[in-house]
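Visitor: my questions are about this predicted structure, shown below with the sequence.
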Amino acid sequence: MLSPGPTPEERLEQLLAQRRSELEAHAARLHESIAELERREELLRDSRASVERMLRLGTSDLEAREAELTSFVSELAEREKRISEAEEEVARRRQELGAVELKRASVERREHALTTRETELAELEAELEERASKLASPSLRGEPVDVELLFVPGERYRLVEVDTTELAVGAAFELESDSFVVARIARSPLPADARSCAYLVRGARRDEPSSGGSS
């Protein structure tokens, strides 16, 4: 005798049990997926927070670097200004030094010229004294001397050039309707002039009688 199969209720129960098992498995997978999503969301939040924190740190560091760069640029500009002022000061001092060197060279040239002039004057004075000593001897003895210049008194003393004339100390001499007497004969007062000069004074010769004498 054949055993009877499961009744419809049993088959329904079996189907419901199978379906329930499938739903439970599906629900378990959904829970796992939800848990995974929550975990990923938590990781994403952590990553976002980390990124935001890094961005804040980066922004702060960038601002600090920017401030440091601004300070460096300002300091560099100040240094360039100081260097420019120092270069101008060096240029000014070089100009002053150049002026001092030029002035010193000018002074040295003047000193050299002065020394040369003094040497020349000393030699000239020695030569003129020698010539004067040669010329003075005969004039002091009252001997005639060849004269080419006259030292004439007046409102202003003046030198008059004349043709070579023999004159002696004490001799009378008329010039431009005025009477003079030779006071002395010496060298010309002009520098580097070797000519003889008769120094005149107003008046008549000492051995001539005056116009107001007794008869």
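Guide: Looks like it arrived, so ask away. Numbering: from 1, shown residues only.
Visitor: what about the helix or strand hosting residue 28, distance to the chain center?
Guide: Using DSSP states H and E, residue 28 sits within helix 8-140. Taking C-alpha atoms, centre = their mean, to the nearest Å, one finds helix 8-140 lying 29 Å from the centre of the chain it belongs to.
Visitor: that one: what's the following helix or strand?
Guide: strand 145-152.
Visitor: buried sites along that next one?
Guide: By neighbour count on 16 or more other C-beta atoms under 10 Å, the buried set for strand 145-152 is 145, 147-152. Placement of C-beta: from N, CA and C, glycine included.
Visitor: one step back: what is the helix holding residue 28 packed up against?
Guide: Other helices and strands packing on helix 8-140, by 3 or more C-beta pairs under 8 Å, 6 or more residues apart in numbering; DSSP states H and E, are strand 145-152, strand 178-187.
Visitor: list the contacts of the most centrally placed residue in the chain.
Guide: Here the mean C-alpha position of the chain is nearest to the C-alpha of residue 92 (C-alpha atoms, centre = their mean), at a distance of 2.1 Å. Taking C-beta atoms under 8 Å, 6 or more residues apart in numbering, we find residue 92 in contact with no residue.
Visitor: now it: how far from residue 101?
Guide: Between residue 92 and residue 101 the computed distance is 15 Å (C-beta to C-beta, to the nearest Å).
Visitor: repeat that for residue 8.
Guide: Distance from residue 8 to residue 101, by C-beta to C-beta: 133 Å.
Visitor: on that earlier part again, make JSON lines from the helices and strands packed on helix 8-140 and add mean pLDDT to it.
Guide: As requested, these are exported to JSON lines (pLDDT from 0 to 100):
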{"stretch": "strand 145-152", "mean pLDDT": "91"}
{"stretch": "strand 178-187", "mean pLDDT": "90"}
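Visitor: so which of those is nearest residue 25?
Guide: Set against residue 25 and scored by C-beta to C-beta, the helices and strands packed on helix 8-140 come closest in strand 178-187, at 152.4 Å.
Visitor: so residue 158 versus residue 175, what's the distance?
Guide: Residue 158 is 11 Å from residue 175, by C-beta to C-beta.
Visitor: anything in contact with each of the two?
Guide: Common neighbours of residue 158 and residue 175 (C-beta under 8 Å, 6+ apart) are residue 152.
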